[in-house]
Structures are given as structure tokens and as C-alpha cells.
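Peer 1: Let me see the structure of the following:
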Amino acid sequence: MSRTYDITADLHPGMAAFPGDPPITVRPTHSFAKGDPYNLSELSMGTHAGTHIDPPRHFLPNGLTADRIDLEAINGPCRVVHIPDSHREVSTGDLKGLLHGVSRVLFRTQNSVHWARDEGFFPDYVGLAPETAEYLAAATFRLVGIDSQSIERDPTGQYPVHHTLLGSGCLILEGLRLAEVPPGEYELRCLPLKLRDGDGAPCRAILVAP
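Peer 2: Below is the predicted model:
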């Protein structure tokens with residue numbers, strides 16, 4: 001029997017958003033309580049809310065948009081790699097011998113421990129080191145995912161990890177919830193909203209274990 005893990009963050013008002021991003025708001029416009037024949041709400045949020053895909057357009061002016069990315073790149077066999085909780089970034093040393101034979105990888109880090117107990121944003125999240133992004137880009141990975149709202153912590157504002165991965169054609173999946181997922185081999189199924197000309201898109205993502 002296979003097991004399915006939902007690795008998607010719940011979308012709700014007050015959830016963590018990357019600093020400066022629009023907050024999520026949900027405003028009921030119709031409700032049974034007001035005598036309406038149905039419930040309906042207005043939803044407002046940023047394109048990088050919760051679990052979401054970063055397409056090339058996020059950082060590259062002429063990059064592919066969310067509605068035009070190759071769905072095969074974000075669906076298929078993948079590997080979940082556990083980065084030790086004591087590590088404050090994902091380094092190339094963490095990857096030795098762990099990525100052979102795969103083109104999609106999801107990193108479970110100390111971030112997952114945080115999300116399991118608190119939904120608030122935390123600035124000391126674990127991200128990829130720039131040299132790790134260079135390694136993955138050179139290895140022609142199709143997708144890199146992580147359990148943080150951003151795949152990098154860059155105090156310079158230059159965002160080298162995003163530029164390196166997206167510039168190589170590797171898509172980025174952020175905001176994952178991996179606390180309950182053991183490291184190993186899975187089938188990733190991920191469908192982002194088909195947002196025309198989108199610089200990002202929230203998505204529903206699951207892992208199916210063999």
C-alpha cells in the first residue's frame with residue numbers, strides 16, 4: 001500500500017508571509033448567516049503565498065511565467081533529503097552521495113520543526129548556500145523545493161540562489177510542510193494555479209510513497 005503526504009501549507013488569514021508580501025485576507029461576501037442562499041468569500045493574497053512555485057519570471061524579466069512552465073518538471077519521481085537540524089544552511093557537503101539518479105529534490109530542514117509548532121514567520125530560517133545552487137544548476141536539476149518561504153537568506157538583496165536556479169531552468173518550490181515526511185523516494189504531484197503571466201503561483205503539492 002502506498003502512503004500519501006500532503007505537503008501543502010494551509011492558506012488562512014494571519015499565516016506567515018515573507019516580509020513585504022501581501023497578507024492573506026478572506027472576506028465573506030455571501031453567507032447563510034446573512035440570509036443568502038449560499039456561502040461565498042473574496043480571497044486576496046500574494047502570488048507567493050503559502051506553498052508556491054517560483055517560475056523564471058519571478059527574477060528574470062523575460063523568463064517563463066507560471067502558466068507556461070512545464071508541468072512535467074514539477075511532477076514525477078523526487079527525493080526528500082533531510083538536512084540535520086543543527087545546519088543553518090544547505091551546503092554542498094550535505095548533498096554528497098544523496099542526489100544520484102534524481103532531477104527533483106525537496107529539502108527537509110530545521111524549518112519543518114518550526115512549522116510543526118508555530119505558523120509565524122521566522123527570520124533565521126534555513127536556506128540554500130549560493131554554491132549549492134550552482135551545484136544543482138550544473139547538475140541540471142528540474143526542481144528544487146524547501147520548507148521555507150524563500151529558498152535563500154541573502155542580506156545583500158542580490159538573490160544569487162534564485163538567479164542561479166531559475167536562470168538554469170530549474171524551478172523552485174517553496175513553503176513546503178515536510179515535518180511528517182521521512183527522507184527517501186517519492187512521486188511528487190504538484191499543480192500550481194494557472195495564473196496567466198504569473199510571476200508565481202500557489203499550488204497544492206503531495207508526495208506519494210511507494
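
Peer 1: contact partners of the worst-scoring helix or strand of the chain on mean pLDDT?
Peer 2: The weakest-scoring helix or strand in the chain, judged by mean pLDDT, DSSP states H and E, is helix 110-117 (a mean of 93). Helix 110-117 has contacts (C-beta atoms under 8 Å, 6 or more residues apart in numbering) with 9, 83, 85-88, 122, 125-126, 146-148, 177-179. Backbone N, C-alpha and C define where each C-beta goes, glycine included.

Peer 1: got a list of what the spatially most central residue of the chain touches?
Peer 2: The centroid of the chain falls nearest to Glu174 when counting by C-alpha atoms, centre = their mean (1.6 Å). Neighbouring residues of Glu174 by C-beta under 8 Å, 6+ apart: 48, 51-52, 54, 145-146, 148-151.

Peer 1: Buried ones only from the contacts of helix 110-117, please, as a ChimeraX command.
Peer 2: Here is the ChimeraX command that selects the buried residues among the contacts of helix 110-117 (16 or more other C-beta atoms under 10 Å):
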select :9,83,125,126,146,147,148,177,178,179
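
Peer 1: which one of the contacts of helix 110-117 sits closest to Arg108?
Peer 2: For the contacts of helix 110-117, the closest approach to Arg108 (C-beta to C-beta) belongs to Leu178, at 4.0 Å.

Peer 1: that older thread, greatest separation within the contacts of helix 110-117: which pair is it?
Peer 2: Of all pairs drawn from these, the one with the largest separation by C-beta to C-beta is Ala9 and Ser86; the distance is 24.4 Å.

Peer 1: how about the strands of this structure, start to end?
Peer 2: In order along the chain, the chain carries the following strands (DSSP state E): 3-6, 25-30, 40-44, 52-54, 76-82, 89-90, 104-108, 127-128, 143-146, 171-174, 184-192, 201-209.

Peer 1: Give me the sheet partners of the last one and which way each runs.
Peer 2: Meaning strand 201-209. Strand 201-209 has these partner strands in its sheet, going by DSSP bridges: strand 3-6 (antiparallel), strand 52-54 (antiparallel), strand 184-192 (antiparallel).

Peer 1: Report the buried residues of the second one.
Peer 2: Translated: strand 52-54. By neighbour count, and taking 16+ other C-beta under 10 Å as the criterion, the buried residues in strand 52-54 are 52-54.

Peer 1: ditto for the first one
Peer 2: Burial within strand 3-6, assessed by neighbour count using 16+ other C-beta under 10 Å, is assigned to Tyr5.

Peer 1: Likewise for the last one?
Peer 2: In terms of neighbour count (16+ other C-beta under 10 Å), strand 184-192 has its buried residues at 186-188, 190, 192.

Peer 1: of those, closest to Tyr38?
Peer 2: Checking those against Tyr38 by C-beta to C-beta gives Pro192 as the nearest, at 27.5 Å.

Peer 1: The closest one: what's it in contact with?
Peer 2: Under the criterion of C-beta under 8 Å, 6+ apart, the contact list for Pro192 reads 52-53, 66, 69, 74, 201-203.
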